[in-house]
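1. Predicted model and sequence follow; I will ask about them next.
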Amino acid sequence: MEAANTTDLSDRVITTFDWKSLLPLWVFLAVWFGQFFLALAPNWSDGTYYDYGFLAPPLAALFFAGRWGEMTSGMASKDIIGSFSGSLRSPAVWLTGLAGILFTVFLRLMQTVDSSWRAPLYLHWIVVWGTTAMLFVKALGLKRSISLIPIAIVTLLSVPLPSSLEFSLVHGLTEKVMETSVGLNRFMGFPLTMSGETIFANGIPLQVSEGCSGIRSFQSSIFAAFVIGEFLRLHWLSRLVMIGAGAAFAFIGNSARVVYLVRHAFKHGEENLQKLHDISGYVSLTITLAAIIGLGLLIDKLQPKPKSA
């Protein structure tokens, strides 16, 4: 009697699950998400604001592995295999995926006319996750499949912002950074003037370009804040606090950087200014990420832990 119970229990322990038994599922997910990430790769590698996107594929895979046990908790291995085998054979899943791919290809072809049109990337994300959600809900049910939401958000954050929103955000951040920099430097006794996107420091015109807007650190910090929240499994409200704090840290760090660069130009002219521009950017981003990690660890320490049974 005891031996029978032990066998039944071992079949339900997820650590003994034979991953090879679901090879068709892993191949499907690898191909399905691989083509999506390949569509995003040119936007990540163009040297603008989204190079952190290269972290999305490995992080998504890591988070999926971490959520797998949660999604299949209490299920016998044979039930998991049977559920996904049936789901993968479902005509609805394949027809939805095929229709989605054809629609996405059509939109991608239209995008070649205007490369700044990013709507196809968001529709591509909807198609990929819509099909994936259908597959998992059919196999595991809605309640278990909700665990996929954080992974979907990680991949969504790697999609470039719509061009109009990106333009407004860049110019809005640039304006606020300039106002903050000029105001703080004047407060410290440095008489600066500002005209358009140019700050005049001791007669030296300093063009505040898009690179000084902080959009890269802004985007990276939001991505990092969500990722750290998932690593620590923070409550959703805490994750929203992390994202808001990440954006604030990025703005404060970049503003401090511009204040320093303007003061350097006022005192020393344009000597080593370009070199300092790049170095200060890395320093600012490093400090910002450290602050986000520190906040995440603090929230994790303070938030109530679930009581063990």
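-> Arrived safely. The shown structure was predicted, so the numbers you read here are calculated from the model rather than taken from an experiment. Numbers count the residues shown, from 1 in each chain.
2. List the buried residues in the helix or strand encompassing Phe36.
-> Mapping Phe36 onto the secondary structure by DSSP states H and E places it in helix 23-44. Neighbour-count burial for helix 23-44, with 16 or more other CB atoms under 10 Å as criterion, is recorded at Leu25, Phe28, Leu29, Trp32, Phe33, Phe36, Phe37, Ala39, Leu40, Asn43, Trp44. C-beta coordinates here come from the backbone N, C-alpha and C atoms, glycine included.
3. who's in contact with the third one?
-> This means Leu29. Contacts for Leu29 were tallied using CB atoms under 8 Å, 6 or more residues apart in numbering; they are Thr132.
4. Just the pLDDT for it.
-> Looking at Leu29, its pLDDT is 92.
5. sorry, back to before: need the max-distance pair from the buried residues of helix 23-44.
-> Of all pairs drawn from the buried residues of helix 23-44, the one with the longest distance (CB to CB) is Leu25 and Asn43, at 28.3 Å.
6. Next, the distance between the ends of stretch 70-90.
-> For stretch 70-90, the first-to-last residue distance is 24 Å (CA to CA, to the nearest Å).
7. meant to ask about stretch 224-239, not that
-> 11 Å.
8. Now it: buried residues?
-> Taking 16+ other CB under 10 Å as the basis for neighbour counts, the residues of stretch 224-239 that come out buried are Ala224, Ala225, Phe226, Val227, Ile228, Gly229, Glu230, Leu232, Leu234, Ser238, Arg239.
9. tell me which of these is nearest to Ile293?
-> Sorting the buried residues of stretch 224-239 by how near they are to Ile293, with CB to CB, puts Ile228 at the top with 6.0 Å.
10. farthest-separated two in the buried residues of stretch 224-239?
-> Distances among those were taken as CB to CB; the most separated pair is Ala224 and Ser238, at 14.9 Å.
11. Inside helices: which ones of the buried residues of stretch 224-239?
-> Using DSSP state H, the subset of these located in helices is Ala224, Ala225, Phe226, Val227, Ile228, Gly229, Glu230, Ser238, Arg239.
12. Got phi/psi on Ile159?
-> Residue 159: Val, not Ile. With angles defined as degrees, to the nearest 10, Val159 sits at phi -80, psi 130.
13. So it sits against Ile126, correct?
-> No. The pair Val159 / Ile126 is not scored as a contact, 10.5 Å apart, by CB atoms under 8 Å.
14. The two: which is more packed in?
-> Val159 (19 against 14; other CB atoms under 10 Å).
15. Mind jotting down where the helices sit in the chain?
-> For the chain, the helices defined by DSSP H occupy 2-12, 23-44, 56-71, 77-88, 91-111, 119-140, 142-145, 149-157, 163-187, 215-231, 236-268, 273-302.
16. Report the angle between the longest one and helix 149-157.
-> Between the direction of helix 236-268 and that of helix 149-157, the angle (axes from the mean of the first three to the mean of the last three CA atoms, to 10 degrees) works out to 30 degrees.
17. other SSEs contacting helix 236-268?
-> If you count contacts as 3 or more CB pairs under 8 Å, 6 or more residues apart in numbering; DSSP states H and E, helix 236-268 packs onto helix 163-187, strand 198-201, strand 204-207, helix 215-231, helix 273-302.
18. Check those for me: which has the lowest mean pLDDT.
-> Averaged per stretch, pLDDT over those is lowest on strand 204-207, reaching a mean of 74.
19. Where does pLDDT dip in the stretch 1-150 of the chain?
-> In the predicted model, the stretch 1-150 of the chain carries pLDDT under 70 at residues 1-18, 111, 113-115.
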